[in-house]
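# My questions are about this predicted structure, shown below with the sequence.
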Amino acid sequence: MKYTLVLIAFVTFSFSLVAQKNYVLKENIHYYSESLNQSDDYINERCVLDVYYPQDSAAYATVVWLHGGGIQAGQKEIPEALKQKGIAVVGVNYRLHPKVSAPAYIEDAAAAVAWVFKNIEQYGGDPSLIFVSGHSAGGYLASMVGMDKRWLTPHQVEADSIAGLIPFSGHTITHFTIRKERGIEGTQAVVDEYAPLYHVRADAPPLLMITGDRELELLGRYEENAYMMRMMKVVGHSSTRLLELQGYDHGMTEPAFPLLLMEMDRITKLKRHRTEQ
């Protein structure tokens, strides 16, 4: 589905009307146990997160934001487009190739998401309104954590407790860095246990995939996501959508952020309506 710039502009304007609040930023919080941090210098360095949240507010939604960089580069961030929007944003660092190989970075993403489930309430957030998103490699990791239940299970967190998965231009096949670790070319598609496509299921959290223009994206990134959408529908998942941002290449975050906020707002209102009934 192609999205128009008119609607994106409207959504951006709508969220600019959110009441301004005082926000707090807590930085470099370790999401693994202290003993693990002390025993592994690289975990101690990389496995940290930042929490940006509205002060003196309660029961707000939270998005866990996983940075891009091909699982080989990148740093945690609180995207400017998500600030002052009445939500909390958790920016996550994770270990990178070549210092580690799969599945270390997937384990890190899951550990960070689990930390949010176990701790966001003390900051005022609603643990039933935790969304997971990210761009490129971050989108891939978001999908893996939400689609394959085994990554959150060791943390006693149910993957289906995630309120929504919203990957930006993420692989749905096995990530090219994992293929690189095996000596496989980036043009050779692989779908195995490290592919979100391998884990399609009807009971997954709501899934909104957003990509750039199919003619401008990396390799077949749009087509991967289109196949994921089709297979999710085939298995009976009732809340899978794909948005293609016409005219935008792989760096499509600017117009995608308002769509992320809109999806969070849609699901938040739906959940609260169900609770009130």
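Nice, thanks for sending it over. Residues are numbered from 1 along each chain as shown.
# Neighbours of H67, how many?
As a burial measure, H67 scores 20 neighbours (other Cβ atoms under 10 Å). All C-beta spots, glycine's among them, are computed from the backbone N, C-alpha and C.
# I184: what's it in contact with?
V190 (Cβ atoms under 8 Å, 6 or more residues apart in numbering).
# Now with 10 Å, please.
Neighbour list for I184: 174, 176, 178, 190 [criterion: Cβ atoms under 10 Å, 6 or more residues apart in numbering].
# Surely T174 and I71 touch.
No - using Cβ atoms under 10 Å, T174 is not in contact with I71, being 11.6 Å away.
# The two: which is more packed in?
Comparing T174 with I71 by other Cβ under 10 Å, the one with more neighbours is I71, at 29 against 24.
# what about the more buried one, helix or strand, and which?
In this structure, I71 sits in neither a helix nor a strand according to DSSP states H and E.
# residues in contact with it?
Counting by Cβ under 10 Å, 6+ apart, I71 has contacts 94-98, 100-102, 104-106, 136-138, 140-141, 171, 175-178, 180-181.
# Note down every partner strand of the lengthiest strand in the chain and its orientation.
Longest strand in the chain, counting residues (DSSP state E): strand 125-135. Strand pairing for strand 125-135, using DSSP bridges, gives strand 60-66 (parallel), strand 164-168 (parallel).
# dump the residue contacts of the closest residue to G170 other than its chain neighbours.
Nearest residue to G170, sequence neighbours excluded (Cβ to Cβ, 6 or more residues apart in numbering): G139, at 2.5 Å. G139 is in contact with 66, 68, 132-133, 165-172, 196, 209-211, 221, 225, 256, counting by Cβ under 10 Å, 6+ apart.
# swap the cut-off to 8 Å and go again
Here G139 is in contact with 66, 68, 133, 167-171 (Cβ under 8 Å, 6+ apart).
# where in the stretch 101-250 of the chain is pLDDT low?
Applying pLDDT under 70 to the stretch 101-250 of the chain picks out no residues at all.
# Geometric centre of this structure: which residue is closest?
S133 (1.7 Å; Cα atoms, centre = their mean).
# which residues does the closest residue to it other than its chain neighbours contact?
In space, and not counting its chain neighbours, S133 is closest to I166: 4.2 Å by Cβ to Cβ, 6+ apart. Neighbouring residues of I166 by Cβ under 8 Å, 6+ apart: 63, 131-133, 142, 207-210, 260, 263-264.
# buried subset of those?
Buried residues within the contacts of I166, counting neighbours by 16 or more other Cβ atoms under 10 Å: 63, 131-133, 142, 207-210, 260, 263-264.
# Please convert those to JSON lines, extending it with distance to G86.
Listed next are the buried ones among the contacts of I166 as JSON lines, based on distance: Cβ to Cβ, whole Å:
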{"residue": "V63", "distance to G86": "12"}
{"residue": "F131", "distance to G86": "13"}
{"residue": "V132", "distance to G86": "18"}
{"residue": "S133", "distance to G86": "16"}
{"residue": "A142", "distance to G86": "21"}
{"residue": "L207", "distance to G86": "23"}
{"residue": "L208", "distance to G86": "19"}
{"residue": "M209", "distance to G86": "24"}
{"residue": "I210", "distance to G86": "21"}
{"residue": "L260", "distance to G86": "13"}
{"residue": "E263", "distance to G86": "14"}
{"residue": "M264", "distance to G86": "10"}
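# quick one: which of these is nearest to G247?
I210 (13.8 Å; Cβ to Cβ).
# helices or strands up against the helix or strand hosting that closest one?
I210 belongs to strand 207-212 when elements are defined using DSSP H and E. With contacts taken as 3 or more Cβ pairs under 8 Å, 6 or more residues apart in numbering; DSSP states H and E, strand 207-212 sits against strand 164-168, helix 221-234, strand 240-245, helix 253-276.
# Off-centre distance for it?
11 Å (Cα atoms, centre = their mean, to the nearest Å).
# With stretch 77-87 instead?
On Cα atoms, centre = their mean, the centre of stretch 77-87 falls 14 Å from that of its chain.
# and if you look at stretch 189-201?
For stretch 189-201 - counting by Cα atoms, centre = their mean - the centre lies 17 Å from the chain centre.
# Do me a favour and get the end-to-end distance for that stretch?
Chord length of stretch 189-201, first to last residue, is 21 Å (Cα to Cα, to the nearest Å).
# Give me the contacts around that stretch.
Contacts of stretch 189-201 (Cβ under 8 Å, 6+ apart): 102-103, 106, 140, 143-144, 147-148, 170-175, 178-179, 184, 220, 224, 227-228, 231-232, 234-235, 237.
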